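Undergrad: Pasting the sequence and the predicted model now:
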Amino acid sequence: MMIIDDWIEDRLEERRFAALPAGEEHDFAILAGVLRAEADAAGYSVESLVEACDGDIVAYIMSRQLTSVAAEGAGAELTL
């Protein structure tokens, strides 16, 4: 079984969640619920998921989204 941190990384990458609008907590709450269900189905406890997300799945996903959007913006090239 994969360690949960790697599992979370893979799930978030699969969803390409950076496309979610920043600040729409409701959307992230839905994604967190999906992540909980998938973690359970994959054999991970909800407690281990919460722990891997620093105690708050929604806040963790939102934080990752902001980091991802910032990284994408930094790498964007402007053509004139």
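TA: Structure received.
Undergrad: Just the element for the residue nearest the centre of the chain, please.
TA: When the chain is reduced to its mean C-alpha position, the closest residue under C-alpha atoms, centre = their mean turns out to be Ile61, at 3.7 Å. Secondary-structure element containing Ile61, defined by DSSP states H and E: helix 57-75.
Undergrad: Specify the local secondary structure of the nearest residue to the residue nearest to the centre of the chain once chain neighbours are set aside.
TA: If you skip the residues right next to it in sequence, Ile61 has Phe28 as its closest partner in space, 5.0 Å away by C-beta to C-beta, 6 or more residues apart in numbering. Every residue, glycine included, has its C-beta placed from N, CA and C. Under the three-state scheme (DSSP: H, G, I helix; E, B strand; the rest coil), the conformation of Phe28 reads as helix.
Undergrad: so where's this structure shaky on pLDDT?
TA: For the chain, the stretches with pLDDT under 70 are 1, 16-23, 68-80.
Undergrad: Apply 50 and report the result again.
TA: For the chain, residues meeting the criterion pLDDT under 50 lie at 75-80.
Undergrad: gap between stretch 25-43 and the chain center?
TA: On the basis of C-alpha atoms, centre = their mean, to the nearest Å, stretch 25-43 is displaced by 9 Å from the centre of the chain it belongs to.
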